[in-house]
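Engineer: compute the structure for the input listed below.
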Amino acid sequence: MVKSRPLAVLAALLVAVLTLGIAVGASPARADDEDESERTLTAQLEDSASGNTPVEGVEITVTTSDGDEFTGTTDADGLVEIVFTSPAGTPVTVSLDEDTLPEGAQLRPGTKTELTVSSTLSTISVDFAIGPDNRDVETKLDRIPGAIYNGLLFGLVMAMAALGLSMIFGTTGLTNFAHGELVTLGAVCTYLLNVAAGIPFLLAVPMTVVVALGFGWLQNRILWAPLRHRGTGLIAMMIVTIGLQFLMRNFFAYITGSRTELYDDFTSPTGKDFAGLFTYTGRDLAVAAVSIAVLTVVLLALSYTRLGRATRAVADNPALAASSGINVDRVISIVWVVGTALAALAGAFLAFQLGITYQIGQLVLLLLFAAVTVGGLGSVWGALIGSLIIGVLIELSTLVIPTDLKNAGALALLIVILLVRPQGILGRRERIG
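Structural biologist: Below you'll find the model as predicted:
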């Protein structure tokens, strides 16, 4: 009876968060009672030829898709705000009257006097460059330290989710395509607790981990354990994970309204320069410290505790582990609980970089697979090393390819590893197949 109390508490907290999520999803996350057609254009003109002094008296016109024109003139601070009416998302044309530029002020070569802007935001900002380009442009070599820093930070956070994925694969042999949605669970649950329920972020994160512990136990109890006991094959169970993936993703889309949200706390930390190499924030250091601490605890527990040795025994040979007296079902249940909690904690931190969106799992799932495969299938240390390699690689790849394609470098490395060393860096051949 006593043992059932923690499970009852976990289940109650999980039900409370799900109820809060449904309530939030049933109504708009942010009421918008204002007229959506009233919008504002802002521009601030400065002349770089004279020390970025404001440019006054320049006439700027906004022309809507209906042909309506709204005109404004820059003030003594070079600033102009033009209020106009146009449906959100429809393009508008912003034009600068070059004849109104003061004497000596010239548009920078290549700068257009007419811009077409399409945005769903109520406030639109435009820029017309005046004077020569005096900016100190950063070279690719200058960006390398920052890219490595960002890659290591991203890799540390991703390592927690990859570690959970590797543990589940190692003990069950299941390739869990829904693991990315467990990452989304952490971001959305923290958002609900922090924004909808008004709980401080520092308290919302551990509460999210508790919810994830309960969800990990629940999904194994009602889904994966019955399938295992029924003798369901791994391919069939993998297909079940794909179905669970789409179910959870659409549920999260319903809760968030398919919008990208932000936490109420720590969203705009002040950056600090480190020896001119890169910029860091206190939030980054806290995230890295927590990630390192959690990874260290889990890895040491797997190496030196009785439960950790039992987990490794089940991963190596479940039948032999069972015959030696190890409760295989209990070990697998704990792995699901811990793996879900690790993924949720990673999601709570990744939301700072990716925003709170139902697509977080979709964005990181292939990267998690790449990290686990590169490091070594079934190797927990390999999951850590693979995550760090993938994190640094995708950030360094932005030096030579567009940012939108940076994940392609990680997938290319995955292909190379599968061709050259399919068992991964720390994997063993006997674990494959």
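
Engineer: name all residues that make contact with the closest residue to residue 417 other than its chain neighbours.
Structural biologist: Using C-beta to C-beta, 6 or more residues apart in numbering and skipping the chain neighbours, the partner closest in space to residue 417 is residue 374 (5.1 Å). Every residue, glycine included, has its C-beta placed from N, CA and C. Residues near residue 374 by C-beta atoms under 8 Å, 6 or more residues apart in numbering: 382, 385, 386, 389, 390, 413, 414, 417, 424, 425.

Engineer: element containing the first one?
Structural biologist: So that's residue 382. helix 380-396 (DSSP states H and E).

Engineer: ok, now residue 239?
Structural biologist: Residue 239 belongs to helix 234-256, assigned by DSSP H and E.

Engineer: give me the next element, helix or strand, following that helix.
Structural biologist: Where DSSP H and E defines the elements, the next helix or strand beyond helix 234-256 is strand 272-274.

Engineer: partner strands of that following strand, with direction?
Structural biologist: strand 278-280 (antiparallel) (DSSP bridges).

Engineer: next structured bit after the partner strand?
Structural biologist: Next along from strand 278-280, by DSSP H and E: helix 282-304.

Engineer: just the angle between that following helix and helix 380-396, please?
Structural biologist: Going by axes from the mean of the first three to the mean of the last three C-alpha atoms, to 10 degrees, helix 282-304 is angled at 150 degrees with respect to helix 380-396.

Engineer: would you mind listing the buried residues in helix 282-304?
Structural biologist: 283, 284, 287, 288, 290, 291, 294, 295, 298, 299, 302 (16 or more other C-beta atoms under 10 Å).

Engineer: residue 380 versus the residue lying closest to the second one once chain neighbours are set aside, what's the distance?
Structural biologist: What that stands for is residue 284. In this structure, residue 284 finds its nearest non-sequential neighbour in residue 153, 5.8 Å apart by C-beta to C-beta, 6+ apart. Distance, residue 153 to residue 380, by C-beta to C-beta, to the nearest Å: 21 Å.

Engineer: of the two, who's got more company?
Structural biologist: residue 380 (26 against 21; other C-beta atoms under 10 Å).

Engineer: okay but the more buried one is in contact with residue 164, surely?
Structural biologist: No - under the criterion of C-beta atoms under 8 Å, residue 380 makes no contact with residue 164, lying 9.8 Å away.

Engineer: quick one: common contacting residues for those two?
Structural biologist: Common neighbours of residue 380 and residue 164 (C-beta under 8 Å, 6+ apart) do not exist.

Engineer: re earlier: mind putting the contacts of residue 374 into CSV with distance to residue 110?
Structural biologist: Shown next, in CSV, are the contacts of residue 374 (distance: C-beta to C-beta, whole Å):
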residue, distance to residue 110
382, 49
385, 46
386, 44
389, 40
390, 38
413, 37
414, 40
417, 44
424, 48
425, 47
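
Engineer: just give me the longest helix of the chain.
Structural biologist: The longest helix of the chain (DSSP state H) is helix 140-172.

Engineer: now the helix or strand that it is followed by, how far from the centre of its chain.
Structural biologist: Using DSSP H and E, the helix or strand that follows helix 140-172 in sequence is helix 179-191. Centre-to-centre, helix 179-191 and its host chain are 10 Å apart (C-alpha atoms, centre = their mean, to the nearest Å).

Engineer: report the buried residues of helix 179-191.
Structural biologist: Under 16+ other C-beta under 10 Å, the buried positions of helix 179-191 are 179-191.

Engineer: state the distance from the residue nearest to residue 417 to residue 331.
Structural biologist: 26 Å.

Engineer: mark out where each domain of this structure begins and ends.
Structural biologist: 40-118, 143-431 (automatic domain parsing).

Engineer: what is the mean pLDDT for the last one?
Structural biologist: Okay, so that is domain 143-431. Predicted confidence along domain 143-431 averages 90 (mean pLDDT).

Engineer: off-centre distance for the helix or strand where residue 345 lies?
Structural biologist: Assigning secondary structure by DSSP H and E places residue 345 in helix 328-354. Distance, stretch centre to chain centre, for helix 328-354: 15 Å (C-alpha atoms, centre = their mean).

Engineer: which element follows it toward the C-terminus?
Structural biologist: helix 360-375.

Engineer: buried stuff in that following helix?
Structural biologist: For helix 360-375, a neighbour-count test (16+ other C-beta under 10 Å) marks 360-361, 364-365, 367-375 as buried.

Engineer: export those residues as TSV, with columns for distance to residue 339.
Structural biologist: As requested, the buried residues of helix 360-375 are exported to TSV (distance: C-beta to C-beta, whole Å):
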residue	distance to residue 339
360	17
361	14
364	15
365	14
367	17
368	11
369	15
370	18
371	14
372	12
373	17
374	19
375	16
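
Engineer: list the contacts of the closest residue to residue 298 other than its chain neighbours.
Structural biologist: Nearest residue to residue 298, sequence neighbours excluded (C-beta to C-beta, 6+ apart): residue 163, at 6.3 Å. The contact partners of residue 163, taken as C-beta under 8 Å, 6+ apart, are 295, 298, 299, 339, 342, 380, 383, 384.

Engineer: run the last query once more with 10 Å
Structural biologist: 294-295, 298-299, 302, 338-339, 342-343, 346, 368, 371-372, 375, 380-384, 387 (C-beta atoms under 10 Å, 6 or more residues apart in numbering).

Engineer: tell me the spacing between it and residue 324.
Structural biologist: In terms of C-beta to C-beta, residue 163 sits 25 Å off from residue 324.

Engineer: could you do residue 157 as well?
Structural biologist: Taken as C-beta to C-beta, the span from residue 157 to residue 324 is 36 Å.

Engineer: just want to know which of the two has more residues nearby.
Structural biologist: Ranked by neighbour count (other C-beta under 10 Å), residue 157 and residue 324 place residue 157 first, with 26 against 10.

Engineer: wait, that one touches residue 360, no?
Structural biologist: No - contact between residue 157 and residue 360 fails when scored by C-beta atoms under 10 Å: they sit 11.6 Å apart.

Engineer: and for these two, which residues touch both?
Structural biologist: What both residue 157 and residue 360 touch, as defined by C-beta under 10 Å, 6+ apart, is the set 183, 346, 347, 350, 353.

Engineer: and those as CSV, adding distance to residue 64?
Structural biologist: Shown next, in CSV, are the shared contacts of residue 157 and residue 360 (distance: C-beta to C-beta, whole Å):
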residue, distance to residue 64
183, 42
346, 44
347, 41
350, 39
353, 36
